[in-house]
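Asks: would you be able to build a 3D model of this:
(2 chains)
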Amino acid sequence: MFQKIEDRFDLSLFIAVILLTGIGLVAIYSSTYNHPTASGNFTKQVYWVIFSLIAFFLFYFLPHKSFRYLSAYFYAGSLLMLIGVIVFGKVVYGAKSWVSLGPVGFQPSEFAKIGLILFLAYWLSYKRRNINNVKDVGVALLIGFVPVALILMQPDLGTAIVFALITFVMIFWAGLNLFAFFVVVSPAVVVFVSLFGLTALIITLILIILALIFFKRDLFTSITIFVYNLASAFIFDYLVKYLKPHQQKRIETFINPYADPLGAGYNALQAKVAIGSGGLFGKGFMQGSQTQLRFIPEQWTDFIFCVIGEEFGFWGSIITLALFFIIFLRILNIVNSVKDHYSRLVLIGILTMIFVHFSINIGMNLGITPVIGLPLPFISYGGSSLLVNMASMGLVMNIYKNRRLYT
Amino acid sequence: MSNQTFHTVDRRKIIFSIILIFFAVSVFQLFKMQILEQVTYVEKSSENSVRKITLKPPRGIFFDRNFQILVSNKPSYSLQIIPANYNNAITPMLEKVLNVNEGYINNILEKKSGYSRYLPRRIKRGIDFNVVTWIEENREFLPGVEYVVEMQRDYSFGINGAHVFGYTREINRSQLEKYKGIYSLGDYIGIKGIEKTYETYLRGVKGYRLVIVNSEQKIIGSFEDGKKDKQPLKGFDLVLTLDWETQKKAEQLFKNKSGSLVALNPKNGEILAFVSAPQYDISKFSTVISKDFIQQLRNDPRKPLFNRATTSIYPPGSTLKMLVALIGLESGIINRYSTVNCKGGYQYGNRFFRCHGVHGITNVEKAIEHSCNTFFYKLILDIGLDKFANVARQFGFGKKTGVDLSEEAKGIVPDSKYYNKVYGKNKWSRGNLLSLGIGQGEFSVTTLQLAQYTALLANNGKTVQPHIVRGYLTRDVQELIPFEFKEINVPVDEEKLQIVKRGMYKVVNGEGTAKNIKLPDIKIAGKTGTSQNPHGKDHALFVAFAPYDDPQIAVAVMVENVGFGSSHAAPIAQKIIQTYLKSEHENKLQEALSLK
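Replies: Numbers count the residues shown, from 1 in each chain, chains lettered A, B, ... in the order given. Take a look at the predicted model:
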């Protein structure tokens, strides 16, 4: 009997998810209990957890094929919602990313992630496309970058990065060869490196030239690739000027967090102080001075990991990371056992989505990546994010249940 | 081509590696922050949330020799502005409410610019309760304006004592630099008088209260229930040597006069009364903030800031004659029977040095009694300049007494070196010496030096460095811990000194120059003097000690620009002696009664 459930339901994955959600509730309780305006958040989140579990089981029990058939509609619906939010949405933290449905606010971009993953998987797996064909890779990139562009218009840099990375990784998984992968990814690397100044950029450009020599393509192709790498750096620099001032500051702050300790670097520094001062065993539940005295604004959202780090210490942090590690390993494992190409791509998309959220969030909490506002999956306060993550876990579980089927 | 395509297994490996690398980096970073650097972060975290609020101690207060309060503290309201929150637009309204001139507030804010904008600047001390009520009622329109209760000096105990007590002032930039860690912006520091000399005793030790604040710096509660708070320690209270009654009397006697008075206990150098007149109203200093008040005093032609008892120097006139007589007796140039026939002056070379009368055959006692110049003209010529100067220095002239007040002049004791310097070698004659014999010419003293000299005569060459503070009281049991002062010993032959003192006795009790102050019950010994003043009317001088047989008080009085000493200075000395001896007698009586 137990064996049978194990076969249809990945219990360790589910337990890891439930434990993370529980840790999240504890951290939200601690950081909002004494807060004048956010003290109701814990109760709200409890309702969202219940709601999300329903979504989890809904996605788990839905017929296997329905996702595939519905992917185009999911995607189209997502794009419509993203356009809608730009037109009708309300501004929260300098970005129009929320729409109100009665008393509940929700973020269409959260749901659009599933839409992208399902549709891109559908398109990439359709009749075994040749992803190394310029036209096919172009269309795949287009599928990804339409929502990216819409999200950048909100503007929400963090979520746009998630969409871009989901697109890259899924295209990579679809079988892109090394050269094509290089062509697609190198401008992103150039853009990222350009943040760190001219020297770093020049070194990267030299590396790109060396790589082009290694690929032994004709001169025209090589020069074209080099030129568009160079251009992407300049275009990015130009775009940075159009970022909201708080986003520009965040990028500057990532490069030198101590330049403005009371301004943009404030959150990053306070987060490090909170986690560092937690020590081995932490200061205890509801005992973290950084958390309880509210040195980090809105700590129950993007900086919730500080609560865990401060109040439960190194062990609490390690356990949290370990639970995420279990989730990622389980999904990779399922990818291995799934026969169907479409399902694999969906799994990789979901894995990428959760991992990008996780790594950017933990990275900014630990001061190893810039402060980009992304929630920590399952743990941060927020209904839309939890709902989407739980639903996608239900989807993963659904694929696991049907892993032996070809479609 | 195909070898450049990733196989499924390779792709999984790449993704797995990326995840693994990220976990490794995260765990390493967590380990580094939470285990290796924990102490640093804990420190930063408590700096964040724990705020230290300085608690200022009250200054030590002053008692007189009989533990009567001279200066105390009283709470008062001060108005402060925190520039970071302040809105300049309300300045005119605030100035009106505070009843100060236009620009007053800006002036203070400008002077204190450059410090942290979050540190409060004191704008006015001792503000009216009405102003406090007004601030309380209009709080929301007065950002960055607050009032605090502070201790200020309370001078309502009947003694003004401006030049004794001195004053405190808000610490300035250079002092702040110099005493980093002890003082902070807005602290008061002693500038003059014993407020300055005993600053280290008076200031006390600051305490602090630790409170927990949130990220908006709002106080949420005390830190560890105040267990780690430190109460401020009040400054040590000082017990002065002044006698309240005598000091009060002295201040009254100098009302509307210019001059100075120092009364000492000759046995131990304790200053019983100390006046420099005119005084300034010391109570104004308790509320003053700006330098305007001090500037106004500086510009006052009567110079009330000037301490005339210790920094004003003038020739001692005939009060110096005891010294000349004593040198003559001690060196054997004269004895008590040696006489000079005074015919109204002394012929030296082609110049006639006048005496103020014709005293006939005069011995040393009579010469002091009648202040005969002729006797001393002759005597000083026999003594010689440098011997005279040496002994004068032994008696404390020409050098600072080391009194525990902030400023003091040395005075001048001319010797041949001095004359060579001033006039050039061999360009001066022994004629200059004649003036010195009667205390005129370049010889210059302070009233304090004269009092010390009188004490030495009264107490047979022994006294203690003059001082105004006996000691401090311990905080716990209020035990008086006395300060140590240097003893002064001038080797004198008591028998010969007695001849001089006898002359002083006769000045008052014989047919002398101050017989007008003779008292039936107190034997006063004294000497009048007139200090020649090239700029105006002469200064009247009188030195005295009493009782003659067992001196308890030595006093020096100087009244500016009034002429002869016996009519102006002597009566003041007389009343001071009277007051002190009566007060001392009563105190002893009371002490005896309370012991029973």
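
Asks: now do the contacts for residue 279.
Replies: Using chain A. The contact partners of A:Gly279, taken as Cβ atoms under 8 Å, 6 or more residues apart in numbering or on different chains, are A:313-314, B:34-35, B:38, B:42. Where C-beta positions appear, they are placed from N, C-alpha and C, glycine not excepted.

Asks: chain B, not that one
Replies: Residues in contact with B:Gln279 (Cβ under 8 Å, 6+ apart) are B:160, B:162-163, B:251, B:254, B:304.

Asks: and it, backbone torsions?
Replies: Backbone dihedrals for B:Gln279, given as degrees, to the nearest 10, come out at phi -100, psi 160.

Asks: where in chain B is pLDDT low?
Replies: B:1-9, B:116-118, B:214-218, B:287-291, B:565, B:596 (pLDDT under 70).

Asks: what does it put close to chain A?
Replies: B:1, B:4-6, B:11-12, B:15-16, B:19, B:22-23, B:25-27, B:29-31, B:33-35, B:37-38, B:40-42, B:44-46, B:48-49, B:212-215, B:220 (Cβ under 8 Å from any Cβ of the partner chain).

Asks: and the buried ones among those, selectable in ChimeraX?
Replies: Buried residues within the residues of chain B next to chain A, by 16 or more other Cβ atoms under 10 Å in any protein chain shown, are selected in ChimeraX with:
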select /B:5,6,11,12,15,19,22,23,26,27,29,30,33,34,37,38,41,42,44,45,48,49,212,213,214
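
Asks: narrow the residues of chain B next to chain A to those in strands?
Replies: Residues from the residues of chain B next to chain A lying in strands, with DSSP state E as the criterion: B:212-213, B:220.

Asks: would CSV of those with distance to B:Val477 be doable?
Replies: Below are these laid out as CSV (distance: Cβ to Cβ, whole Å):
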residue, distance to B:Val477
B:Ile212, 37
B:Val213, 39
B:Ile220, 39
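
Asks: so which of those is the closest to A:Leu321?
Replies: B:Ile212 (31.1 Å; Cβ to Cβ).

Asks: and that closest one, bridged to which residues?
Replies: B:Val50, B:Gly221 (DSSP bridges).

Asks: anything in the secondary structure element (helix or strand) that A:Gly138 belongs to near chain B?
Replies: A:Gly138 belongs to helix A:134-152 when elements are defined using DSSP states H and E. No - Helix A:134-152 stays clear of chain B (Cβ under 8 Å from any Cβ), getting no nearer than 13.3 Å.

Asks: in that helix, what's buried?
Replies: Buried, per 16+ other Cβ under 10 Å, within helix A:134-152: A:136-137, A:140-141, A:143-144, A:146-148, A:150-152.

Asks: ditto for stretch A:59-78
Replies: A:59-60, A:67-68, A:70-71, A:74-75, A:78.

Asks: give me the nearest residue to residue 64, chain neighbours excluded.
Replies: As the question left the chain open, I've gone with chain A. Spatially, and ignoring its direct neighbours in sequence, A:His64 is nearest to A:Asn402 (4.4 Å; Cβ to Cβ, 6 or more residues apart in numbering or on different chains).

Asks: correction: the question concerned chain B.
Replies: Nearest residue to B:Asp64, sequence neighbours excluded (Cβ to Cβ, 6+ apart): B:Trp244, at 4.3 Å.

Asks: can you tell me how far B:Ser594 sits from chain A?
Replies: Note on B:Ser594: its distance to chain A, by Cβ to the nearest Cβ, to the nearest Å, is 58 Å.

Asks: what is the neighbour count of that residue?
Replies: Per other Cβ atoms under 10 Å in any protein chain shown, the neighbour tally for B:Ser594 reads 7.

Asks: check the secondary structure at it for me.
Replies: helix (DSSP: H, G, I helix; E, B strand; the rest coil).

Asks: relative to B:Asn66, how far out is it?
Replies: Remark: distance between B:Ser594 and B:Asn66 (Cβ to Cβ, to the nearest Å) = 12 Å.

Asks: run a quick neighbour tally on B:Ile21.
Replies: Neighbour count for B:Ile21, taken as other Cβ under 10 Å: 10.

Asks: that one and B:Leu272, how far apart?
Replies: 88 Å.

Asks: again, but for A:Ser39
Replies: 71 Å.

Asks: okay, those two: which has more neighbours?
Replies: For the pair A:Ser39 and B:Leu272, the greater number of neighbours falls to B:Leu272 (29 against 12), based on other Cβ under 10 Å.

Asks: tell me the secondary structure for the closest residue to the more buried one other than its chain neighbours?
Replies: Once flanking residues are discounted, B:Leu272 sits nearest to B:Ala263: 4.4 Å by Cβ to Cβ, 6+ apart. Three-state call for B:Ala263 (three-state DSSP): strand.

Asks: just give me the neighbour total for B:Ala263.
Replies: B:Ala263 has 31 nearby residues by other Cβ under 10 Å.

Asks: contact partners for it?
Replies: Counted by Cβ under 8 Å, 6+ apart, B:Ala263 has contacts B:246, B:250, B:271-274, B:451, B:553-556, B:576, B:580.

Asks: phi, psi for the spatially most central residue of chain B please.
Replies: Per Cα atoms, centre = their mean, the C-alpha nearest to the average position across chain B is that of B:Gly193, at 1.5 Å. Reported as degrees, to the nearest 10, the phi and psi values for B:Gly193 are phi 60, psi -160.

Asks: just checking, A:Ile28 touches A:Thr43?
Replies: No - A:Ile28 is beyond contact range of A:Thr43, at 9.9 Å (criterion: Cβ atoms under 8 Å).

Asks: how about residue 313, what does it touch?
Replies: Using chain A here. Counting by Cβ under 8 Å, 6+ apart, A:Gly313 makes contact with A:278-283, B:34.

Asks: to clarify, I was referring to chain B.
Replies: B:Ile313 makes contact with B:409, B:411-412, B:444-446, according to Cβ under 8 Å, 6+ apart.

Asks: cool, B:Gly441 as well?
Replies: By Cβ under 8 Å, 6+ apart, B:Gly441 lies in contact with B:315, B:414, B:432, B:435.

Asks: from those residues, which two are the most distant?
Replies: So, the contacts of B:Gly441 by Cβ to Cβ: farthest apart are B:Pro315 and B:Asn432, at 12.8 Å.

Asks: wait, is B:Val149 part of a helix?
Replies: No - counting by three-state DSSP, one finds B:Val149 to be strand, located in no helix.

Asks: how about it: what's its closest non-neighbour residue?
Replies: Nearest residue to B:Val149, sequence neighbours excluded (Cβ to Cβ, 6+ apart): B:Pro75, at 5.2 Å.

Asks: ok, now B:Leu98?
Replies: Spatial nearest neighbour of B:Leu98, excluding adjacent residues (Cβ to Cβ, 6+ apart): B:Lys124 at 5.5 Å.

Asks: so that neighbour makes contact with B:Val100?
Replies: Yes - with contact defined as Cβ under 8 Å, B:Lys124 counts as touching B:Val100 (7.0 Å).

Asks: out of the two, which sits in the busier spot?
Replies: When neighbours are counted by other Cβ under 10 Å, B:Lys124 and B:Val100 differ, and B:Lys124 comes out ahead with 23 against 17.

Asks: list the contacts for B:Ile15?
Replies: B:Ile15 sits next to A:169, A:332, A:348, A:351 when contact means Cβ under 8 Å, 6+ apart.

Asks: let's see which of those end up in helices.
Replies: Within these, residues falling in helices by DSSP state H are A:169, A:332, A:348, A:351.

Asks: and the helix or strand hosting B:Leu434, what does it pack against?
Replies: Using DSSP H and E, B:Leu434 sits within helix B:431-437. Packing contacts for helix B:431-437, counted by 3 or more Cβ pairs under 8 Å, 6 or more residues apart in numbering or on different chains; DSSP states H and E, involve strand B:345-348, helix B:373-383, helix B:385-394.

Asks: where do the strands of the stretch 51-200 of chain A begin and end?
Replies: Applying DSSP state E, counting those that start in this stretch to the stretch 51-200 of chain A gives strands spanning A:90-92, A:95-101, A:104-106.
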